[in-house]
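1. compute the structure for the input listed below.
(chains A and B)
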Amino acid sequence: MTSSIAITLPDGSVREFDRPVTGAEIAASIGQRLAKDALAVKIDGTVKDLTTTVTSNVRIEIVTRNHPDALEVIRHDAAHVLAEAVQELYPGTQVTIGPAIANGFYYDFARDEPFTPDDLAKIEAKMREIVQRDAPLVREEWTRDDAVAYFKTHGEHFKAELVEAIPADQAISVYRQGDWLDLCRGPHAPSTGKVGTAFKLMKVAGAYWRGDSRNPMLQRIYGTAWRDEKELKAYLTMLEEAEKRDHRRLGKEMDLFHVQEEAVGSVFWHPKGWTLYRTIETYIRTRLEQAGYVEVKTPQLIDSSLFKASGHWDMYGDNMFKVEADEGKKQLGVKPMNCPGHTQIFKSALRSYRDLPIRMAEFGSCHRNEPSGALHGIMRVRAFTQDDAHIFCTEDQVPEEAAEYFKLQLGVYKDLGFDKIDVKLALRPDVRTGSDDLWDRAEDGLRSALRSAGLEFEELPGEGAFYGPKVEFHLTDAIGRTWQCGTLQYDPNLPERLDIHYIGEDGAKHRPIMLHRAILGSLERFIGMMIEHYAGKFPLWLAPVQAVVTTITNEADGYAAEVHKILKARGIRAELDVRNEKINLKVREHSLQKVPVIVVVGRREAEERTVAMRYLGGKDQEVLALDAAVNKLTEEARSPAGDRGFDSPF
RNA sequence: GCCGCAGUAGCUCAGGGGUAGAGCAACUGAUUCGUAAUCAGUAGGUCCGGGGUUCAAAUCCCUGUUGCGGCACCA
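-> Predicted coordinates for the structure are as follows:
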């Protein structure tokens, strides 16, 4: 080879080399400082070791700590350092896998003794020692069989299993750091010292080998790692902030709900929490009415025969609660979903094509026997309520119905404070019912509906339900977490199973299509999410207590009671606080309770028939004439759907 | 369901073989005050349930249960 190699740098400049060069050499040719700071090299978009030799014309970027891809390298290195530390401290522990993940890294170990929190501190100290040693991370290529033999003789049976799964003729890479080595694809920084000091071990947890619950359970150690101490600290602060807005904590502090042993997985809604719940339910009900839905209510307990016909008994029976009735002669199921019930209402009369579409909604109370380990606050429960509906329509009506639904849904999310929404279309899974032709039509129907609604969406092949494709809506909350809430599922299957039909224009029977759809999903889960999204500081229209009228001295008690009465009469959820306490204390307490508006009255206000209003989070107050204040609050407290809401139970 | 950790006053938590502690809240009294904690006093406990070890168990062991963190699950 006599021709030279042209390396294009990010700034567009080109460097010529007359022989193959490594990433490290390229970095050195640019500058000494860069060579020292380099962690890896990105070649044509792929991050590689600095020792990688470049033999052709490519674009390269030198990955330093500030490069967007640096964190992944640092975290992956940290995982290796963690594994070395554990094996130094606890000989006989087997290593398995340890990738970089969002915000950090983990490593899964096989060891009989559990790791304790004390162990974590020791391991972290050992990691710092290894980082200080700054041993070079050296890549070696082995044959697969050599690697298998090596790991087997070293008692690393999990590693051996991993390597054995690789084709025999494929070379595999291992990385050596000092006396320690690990099977790994890489890339890695040139030495362990590059991990730096901004890392911390976070927790130990169980994790199944290869993510399969039939396999043995390993011990996973999680850590976080960042470019520098400042980033680490910011991350830890963010975690603390997230903890402060945890719905379980706020639910208790704000007296919204509780859960207890005797009713695991079910929510005890307290007056304020139930006020919030009903406000949201009323809002949704109004939106549904405006969108042409009819509301129904279907039974909790239904004979097993219906669930057998619908397929739930066989397919989802493990997750259903079942009860005996009539001295064991009957077996009933507690409904886990509302669709079988809705089909029965559809079937209760002869339907004409003129009746379609029928949009049948229900605040459907469902029970699912979730695994105990899945329960979480009010987000994952065994008894919950869906804002569910089924649209019975013809195949031709699907695109328009779907598009209308998307519009409704996005409007609801916006009203409830969510602006960033990702839409995904889950397509046919490998195991499915129905012909390919039917699937083509179903998927195309949803696709065109998404397009006509002007929505950008990502397609997820293989993720659909067995009976049909579905559209998923993922919301991003105030601290950047995403939640899958609403769905629209296309189901040509259930109408078939339960034999429902309508009479077409041609006088013959036809199967309708069922669109299953939920905007919030579970009310419980959505409210939990909203509590965290708003950190308990709800907008006025949602706040369980919208205003507290409170006094400076007892001399204003009479006037305060009058103001309170007027607010209540105008539909404001207001409380009256005439305790003989300092105004500082009362403002503090109601602020901590996250009441949006504190209406303060003293002798002056009573004389002038004014009020001093203080908004949550604000430092100042606004003195207004009573009438003006009442009008202002009434205006601001209006539901975006235009419903009046309802009065507080207080 | 699986692995680990935890359950002490209404709440947040300390105590870890020798008769149960704090702060806040509650209650009583005083204080009538201008926008995020007024002062004083009083009362409050099956230390998660059951079993065991021990002269003695909140504390150690076993078991159950619930919660927490993950994993698996989320139709």
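2. now do A:Asn584 against RNA strand B, distance only.
-> Distance, A:Asn584 to RNA strand B, using CB to the nearest atom of the strand, to the nearest Å: 4 Å. No exception for glycine: its C-beta is placed from N, CA and C like everyone else's.
3. ramachandran angles for that residue?
-> When read as degrees, to the nearest 10, the backbone of A:Asn584 gives phi -60, psi -50.
4. kindly report the same for the one 3 residues further on.
-> Backbone torsions of A:Val587, given as degrees, to the nearest 10, read phi -60, psi -40.
5. for the residue in the stretch 401-550 of chain A that RNA strand B sits nearest to, list each beta-bridge partner.
-> Closest approach between the stretch 401-550 of chain A and RNA strand B, counting by CB to the nearest atom of the strand: A:Ala465, at 4.1 Å. Counting by DSSP bridges, A:Ala465 is bridged to A:Gly468.
6. now that it has come up, it's in contact with A:Thr487, right?
-> No. Using CB atoms under 8 Å, A:Ala465 is not in contact with A:Thr487, being 9.2 Å away.
7. residues in contact with stretch A:457-469?
-> Stretch A:457-469 has contacts (CB atoms under 8 Å, 6 or more residues apart in numbering) with A:422-434, A:439, A:442-443, A:446, A:450, A:470-472, A:489-494.
8. next, count neighbours for A:Arg447.
-> Using other CB atoms under 10 Å, A:Arg447 is surrounded by 18 other residues.
9. need the contact list for it.
-> Contacts of A:Arg447 by CB under 8 Å, 6+ apart are A:Leu425.
10. that one in helix, strand or coil?
-> Secondary structure, DSSP: H, G, I helix; E, B strand; the rest coil: A:Arg447 is helix.
11. and A:Gly223, backbone torsions?
-> The phi/psi pair for A:Gly223 (degrees, to the nearest 10) reads phi -140, psi 160.
12. which residue is the nearest non-sequential neighbour of it?
-> A:Leu201 (4.6 Å; CB to CB, 6 or more residues apart in numbering).
13. pretty sure the one you found contacts A:Leu82?
-> Yes. Taking CB under 8 Å as the definition, A:Leu201 is a contact partner of A:Leu82 at 7.4 Å.
14. what about the closest residue to RNA strand B within the stretch 351-500 of chain A, which SS state?
-> Nearest residue of the stretch 351-500 of chain A to RNA strand B, counting by CB to the nearest atom of the strand: A:Gly373, 1.7 Å away. Judged by three-state DSSP, the three-state class of A:Gly373 is helix.
15. ok, it - how many residues close by?
-> 7.
16. count the neighbours of A:Leu576 for me.
-> Neighbours of A:Leu576 using other CB under 10 Å come to 20.
17. shouldn't A:Gly292 be within a strand?
-> No. Counting by three-state DSSP, A:Gly292 is not part of a strand but coil.
18. so how far is A:Ala606 from it?
-> Counting by CB to CB, to the nearest Å, the separation of A:Gly292 from A:Ala606 is 50 Å.
19. the two: which has the busier surroundings?
-> A:Ala606 (21 against 12).
20. the residue nearest the centre of chain A: what's it in contact with?
-> Geometric centre of chain A, nearest residue: A:Trp483, 3.2 Å, by CA atoms, centre = their mean. By CB under 8 Å, 6+ apart, the contact set of A:Trp483 is A:474-475, A:477, A:529.
21. among those, who's most crowded?
-> A:Met529 (23 neighbours).
22. quick check: pLDDT value at that residue.
-> The score at A:Met529 is 95. That number is its pLDDT.
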